[in-house]
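Asker: how would this look folded up:
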Amino acid sequence: TVGFVFVGRGSEFTSLIEKANKLKLDNVLFYPEIPPEEIAALYDQCDIGLICLDARHQTQNIPGKFVSYMHSGLPVLAMVNPGNDLFDLITTRNVGIAIEAGTEKYLRFEGERALKLLSDKFLSARCKKLANDKFSSENAVKQIMDSLVDKWIW
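Answerer: All right, here's what the predicted structure looks like:
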């Protein structure tokens, strides 16, 4: 059995609860928020992190939850706004499955691919490597220092 836990206060939170109740789903839990100190324990019980970005976004958006999923070694199933760099990042680093909003009708074909992805014994390590390569404090310091050095050429 697959279970789903939705945490947050996104624009579709209430409609998701209503839909789950209407369909009498018994494998779905909803929490408007959880204390930050409980997030790691929640992730330890999960196999995949979900990301769903509004198709109307016009800018790049890498949500904090994506970063926390990567640091925890959780692959993602992501629906991103068209043109978002997150699509290429997930795809090229092979840390999950990404689709562009507006192509949801193709999502049903991704189920088998998701199961294969989960059987990849190196998946969690790739997620953590991406987090360390792109989203670590050391990387942020390096980027800042490189930027300053470039501007302060004597």
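Asker: gap between the closest residue to Phe4 other than its chain neighbours and Val5?
Answerer: Counting by C-beta to C-beta, 6 or more residues apart in numbering, the nearest residue to Phe4 once its immediate chain neighbours are dropped is Val28, at 4.7 Å. Every residue, glycine included, has its C-beta placed from N, CA and C. For Val28, the distance to Val5 (C-beta to C-beta, to the nearest Å) stands at 8 Å.
Asker: Show me the shaky parts of the chain.
Answerer: Along the chain, segments meeting pLDDT under 70 span 1, 103-111, 150-154.
Asker: quick one: Met70 is in a strand?
Answerer: No. Counting by DSSP: H, G, I helix; E, B strand; the rest coil, Met70 is located in no strand; its state is helix.
Asker: how much space between it and Leu29?
Answerer: The spacing between Met70 and Leu29, counted by C-beta to C-beta, is 23 Å.
Asker: quick one: which of these two has more around it?
Answerer: Remark: of Met70 and Leu29, Met70 carries more neighbours, 29 against 12, as counted by other C-beta atoms under 10 Å.
Asker: show me what contacts that one?
Answerer: Residues in contact with Met70, defined by C-beta atoms under 8 Å, 6 or more residues apart in numbering, are 95, 127-128, 130-131, 135.
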